[in-house]
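Participant: I would like the atomic coordinates for the input below:
(chains A and B, ligands or ions: 4)
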Protein chains: 2
Amino acid sequence: MAPDPADDEQDTMKILLATDCHLGYQEKDPIRGNDSLVTFEEILVLAQKNDVDFVLLGGDLFHDNKPSRKTMHGCLSLLRKYCLGDKPCQVEFLSDPSLNFGHTHFPTVNYEDPNLNIAYPVFSIHGNHDDPAGQGNLCSLDLLNAAGLVNYFGKHESLEKIEVSPLLLQKGETKLALYGLGALRDERLHRLFVHKKVAMLRPKESQEDWFNLFVLHQNRTKHSTTNYIPEQFLDDFIDLVFWGHEHECKITPVWNGIQNFYVTQPGSSVATSLSEGESRAKHVGLLYVKQRNFKLHKLPLTTVRPFYMEDIVLCDTSLNPGDPDIAKNIEIYCAQKVTELLEQAERDRSGNSKQPEKPLIRLRVDYSGGFELFSIQRFGQKFVDRVANPKDMILFHRRRQLNPDHKGSD
Amino acid sequence: MAPDPADDEQDTMKILLATDCHLGYQEKDPIRGNDSLVTFEEILVLAQKNDVDFVLLGGDLFHDNKPSRKTMHGCLSLLRKYCLGDKPCQVEFLSDPSLNFGHTHFPTVNYEDPNLNIAYPVFSIHGNHDDPAGQGNLCSLDLLNAAGLVNYFGKHESLEKIEVSPLLLQKGETKLALYGLGALRDERLHRLFVHKKVAMLRPKESQEDWFNLFVLHQNRTKHSTTNYIPEQFLDDFIDLVFWGHEHECKITPVWNGIQNFYVTQPGSSVATSLSEGESRAKHVGLLYVKQRNFKLHKLPLTTVRPFYMEDIVLCDTSLNPGDPDIAKNIEIYCAQKVTELLEQAERDRSGNSKQPEKPLIRLRVDYSGGFELFSIQRFGQKFVDRVANPKDMILFHRRRQLNPDHKGSD
Ligand SMILES: [Mn+2]
Ligand SMILES: [Mn+2]
Ligand SMILES: [Mn+2]
Ligand SMILES: [Mn+2]
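Facilitator: Ligands and ions are numbered 1, 2, ... in the order given. Reported below is the predicted structural model:
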């Protein structure tokens, strides 16, 4: 049996994996406006509580390319509050920081800056929501980086060729090569892979000693022939792929037997669409790496706004389209469902006092078979005090009209 | 004779005074785009070279209420580069920081934060260009404050009453009460003063021992009856007023014999209008305070883009409005003037390699007396390689049409 990487603290790197925090999502909504920041705070608290060596984010930290001042302020405040402190970072930084951070004004890892007391370093690539743009080709992570609060890596400047230089990190006997690739258009990256224009640079010496972790932010699900990145494109020397951008939590590592690597997809920390994938329980990962072995604990996020989704197929119910009161009766039927889900939500509460009370509810109502529609707006009015999204609880559709994974990646 | 406050380092507070840096001004101009950041860097270098205890900014650090990412990034980078370091700050912070910084998430002065190594603390009030607005009533200084790089004070939350709690600072035998009031509409502040709704709070004990410095950002020049703040409105216990917002450098302290205080007006560090006031030499101040005495050295800014302004009254020249070639001859005359000013600019260069080469030129041409106009655009074309503002070098006007102090405050 392989040694348990959680056994020996000195030689075990402990990394908190989280992604797609989408800070600022729905920030103007009086009910949901703070959700993204609340859960980001939970993530940083989990990093502290679990005494990790560092936090690794997989992109889309911000929802908007130009976050509002309020969101940027909230993010800066949380990072300053939780990432600074007296705990010395036990991870040695071995690679040339000018290769890893050469695109920034401060090409060093922040915890080696003698002017900053970093207890929990944060490393991040950018996502498609917070990618570099505009004058200077900067992104929001560049601001956090300039402030010394985030180590922004995985930026690529060339359109023709991508070379990924790993961050080489060592703790005791464990050596981690951390590869990062910030988001770019799937079609373009797909083409670059096909044309062998993506090079993962490897340490020159004792290659076999390194645990190779690759974080990227692209479509994993096939949307069209070239609008995703097949796992087989990725180098097979990689040990673990941390896949950002896909919002469904599929954090338990899945073995890819062709490539001989595992893939973990932590998923977003806030639901940015009322899709099935986003309604699943959300987690972040506590990754233990010891030499070339790893273990991933999933940590449930307990501040995430509850989200319940249910499919109703009217012609499978006892409702009769010929009923003269059918519209009213469908509405009663749906209201009953919502009430049940609200009761369910009550039972399922995490116990974390910061978890918002009002859940998100989505009923997908298949009205095929001659059923009438009712007013979604009037329906929402009844639940305005109990549901976070009264205006869009109901989605009417007819059989086979539904997109099976409506906006699972974002 | 009063003791020279520059004599005794231990008891002398040394403060760099600068204001209206307007970071981001004309940032999209390919020629002038970097001017504001270049001079802000010079100011921070001056703080280091003169080994000041802290930097005090008088508002309008940013030109736009929502600075671009590039400008915010430039500012964060400069502050991190110059303000952090190992030099311990010798100024004791004696007041209750929750009174001075209670509006922020981190109600402490940054150099007392054990996680930040602050060598040159920056204190700032907001101006009218970077005042709090939007969700959360935040301003750009709140971002810098959250990042730990600026101590933002002088924010006022009430519309009916303003109480200014001073920052109480001590170095050796010198005690400084620093009062700050961020910009608000002149009419409103004028009214609040008239109704005795502005209270300057004073330390309870040994009031006579404190040197009282007040920084504000309002119109000093009378624009209309109530659209400015008369010096007589300000409390007479003040020793020195640091007046921001007015862009002309009038940094040498002027004695107000009625109020018994001095007023210094450092002026902007970048010209944001082609006005007479902005064409004057620009300086920042090195303020020495020892016990209740002060001395102000003016430090010339040597990276400011040269700006020359000249008035031409055509009917005072030998040009003849009856001349059939008069338009052409006026143009030649003006071009000759510009050439002279360019030669002047060459002679006047500061010697600082970071001073931009191409000057700003403004000719105000009074064409009263039947003179013809020429094409400003065509004229500019001739100087496109030698002047920073070829498109608006010429301002035609007729006698007495000119606004005497066109946009001196901003
Ligand atoms: Mn994404
Ligand atoms: Mn996303
Ligand atoms: Mn102003
Ligand atoms: Mn100004």
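
Participant: could you list the low-confidence segments of the stretch 301-410 of chain A?
Facilitator: For the stretch 301-410 of chain A, the stretches flagged by pLDDT under 70 are A:400-407.

Participant: ligand 3 contacts on that one?
Facilitator: For the stretch 301-410 of chain A, no residue is in contact with ligand 3 (C-beta under 5 Å from the ion). Bear in mind the C-beta positions are built from the backbone N, C-alpha and C, glycine included.

Participant: give the contact list for the residue in the stretch 301-410 of chain A positioned nearest to ligand 1.
Facilitator: Residue of the stretch 301-410 of chain A nearest ligand 1, by C-beta to the ion: A:D410 (5.1 Å). Contacts for A:D410 (C-beta atoms under 8 Å, 6 or more residues apart in numbering or on different chains) come out as A:20, A:22, A:60, A:129, A:245, A:247, A:268, A:272-273.

Participant: low-confidence ranges, chain A, go.
Facilitator: Looking at chain A by pLDDT under 70, you get A:1-7, A:400-407.

Participant: taking it, what residue is nearest to ligand 1?
Facilitator: For chain A, C-beta to the ion, closest residue to ligand 1: A:H245, 3.8 Å.

Participant: report how many residues lie close to the nearest residue to that residue once chain neighbours are set aside.
Facilitator: Residue nearest to A:H245 in three dimensions, not counting chain neighbours: A:H217, with 4.5 Å by C-beta to C-beta, 6 or more residues apart in numbering or on different chains. Using other C-beta atoms under 10 Å in any protein chain shown, A:H217 has 29 neighbouring residues.

Participant: which residue is the nearest non-sequential neighbour of the residue in the stretch 201-350 of chain A that ligand 3 sits nearest to?
Facilitator: In the stretch 201-350 of chain A, the residue found nearest to ligand 3 is A:V270; the distance is 38.8 Å by C-beta to the ion. Leaving aside its sequence neighbours, A:V270 sits nearest to A:S36 (C-beta to C-beta, 6+ apart; 4.6 Å).

Participant: right, is the helix or strand encompassing that neighbour up against ligand 2?
Facilitator: Assigned by DSSP states H and E, A:S36 belongs to helix A:35-49. No - for helix A:35-49 and ligand 2, the contact criterion (C-beta under 5 Å from the ion) is not met; the two come no nearer than 11.0 Å.

Participant: how far out from the middle of the chain is that helix?
Facilitator: What separates the centre of helix A:35-49 from the centre of its chain is 13 Å, taken as C-alpha atoms, centre = their mean, to the nearest Å.

Participant: which strands and helices sit next to it?
Facilitator: Using 3 or more C-beta pairs under 8 Å, 6 or more residues apart in numbering or on different chains; DSSP states H and E, the elements in contact with helix A:35-49 are strand A:12-18, strand A:54-57, helix A:69-83, strand A:283-290.

Participant: next structured bit after the third one?
Facilitator: Read in the C-terminal direction, the helix or strand following helix A:69-83 is strand A:92-93, with elements assigned using DSSP H and E.

Participant: any part of the helix or strand following that next one near chain B?
Facilitator: Counting by DSSP H and E, the next helix or strand C-terminal to strand A:92-93 is helix A:97-100. No - using C-beta under 8 Å from any C-beta of the partner chain, helix A:97-100 stays clear of chain B, with a minimum separation of 15.8 Å.

Participant: what's helix A:97-100 in contact with?
Facilitator: With C-beta under 8 Å, 6+ apart as the criterion, helix A:97-100 contacts A:107-109, A:112, A:153, A:165-167.

Participant: helices or strands up against the next helix or strand after that helix?
Facilitator: As assigned by DSSP H and E, the chain's next helix or strand after helix A:97-100 is strand A:122-124. Judged by 3+ C-beta pairs under 8 Å, 6+ apart, strand A:122-124 is in contact with strand A:54-57, strand A:151-152.

Participant: how about those strands in CSV, adding distance to A:A345 and mean neighbour count?
Facilitator: Shown next, in CSV, are the helices and strands packed on strand A:122-124 (distance: least, C-beta to C-beta, whole Å; neighbours: other C-beta atoms under 10 Å in any protein chain shown):
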stretch, distance to A:A345, mean neighbour count
strand A:54-57, 29, 26
strand A:151-152, 38, 28
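
Participant: nearest to ligand 2, out of these?
Facilitator: Using C-beta to the ion, those put strand A:54-57 closest to ligand 2, at 11.2 Å.

Participant: give the pairing partners of the closest one; include direction for each.
Facilitator: The strands that strand A:54-57 pairs with in its sheet are strand A:12-18 (parallel), strand A:122-124 (parallel) (by DSSP bridges).

Participant: only C-alpha atoms, please: export it in PDB.
Facilitator: Extracted in PDB, the C-alpha atoms of strand A:54-57 (Å, rounded to 0.1, in the frame of the first residue of the first chain):
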ATOM      1  CA  PHE A  54      -1.200  27.300   0.100                       C
ATOM      2  CA  VAL A  55      -4.400  27.900  -1.700                       C
ATOM      3  CA  LEU A  56      -4.700  27.100  -5.400                       C
ATOM      4  CA  LEU A  57      -7.400  28.800  -7.400                       C
END
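
Participant: quick one: distance of that strand to the chain centre.
Facilitator: 12 Å.

Participant: what does chain A put close to ligand 1?
Facilitator: Residues of chain A lying near ligand 1 (C-beta under 5 Å from the ion): A:60, A:127-128, A:245.

Participant: in a helix, A:Q377, correct?
Facilitator: Yes - residue state for A:Q377 (DSSP: H, G, I helix; E, B strand; the rest coil) corresponds to a helix.

Participant: for it, which non-adjacent residue is closest in space?
Facilitator: A:K391 (7.0 Å).

Participant: do you know how far that neighbour is from ligand 4?
Facilitator: 44 Å (C-beta to the ion, to the nearest Å).

Participant: check A:N115 too.
Facilitator: From A:N115 to ligand 4 the distance is 30 Å (C-beta to the ion).

Participant: quick check: bridge partners of the closest residue to A:E112 other than its chain neighbours?
Facilitator: Distance criterion C-beta to C-beta, 6+ apart; nearest residue to A:E112, sequence neighbours excluded, is A:F93 at 6.2 Å. With DSSP bridges as the criterion, the beta-bridge partners of A:F93 are A:L169.

Participant: show me what contacts the residue of chain A closest to ligand 1?
Facilitator: By C-beta under 8 Å, 6+ apart, the contact set of A:H245 is A:19-20, A:58-60, A:127-128, A:183, A:217-220, A:409-410.

Participant: what's the neighbour count on the residue of the stretch 201-350 of chain A closest to ligand 3?
Facilitator: Neighbour tally, A:V270, other C-beta under 10 Å: 27.

Participant: that one: which element?
Facilitator: With DSSP H and E as the criterion, A:V270 is inside neither a helix nor a strand.

Participant: B:D316: which of the helices and strands packed on helix A:35-49 is closest?
Facilitator: Taking C-beta to C-beta, helix A:69-83 is the member of these nearest to B:D316, at 52.3 Å.

Participant: how far away is the closest residue to A:V109 other than its chain neighbours from A:H105?
Facilitator: Excluding the flanking residues, the one nearest A:V109 by C-beta to C-beta, 6+ apart is A:F93, at 4.7 Å. Per C-beta to C-beta, to the nearest Å, A:F93 is found 18 Å from A:H105.
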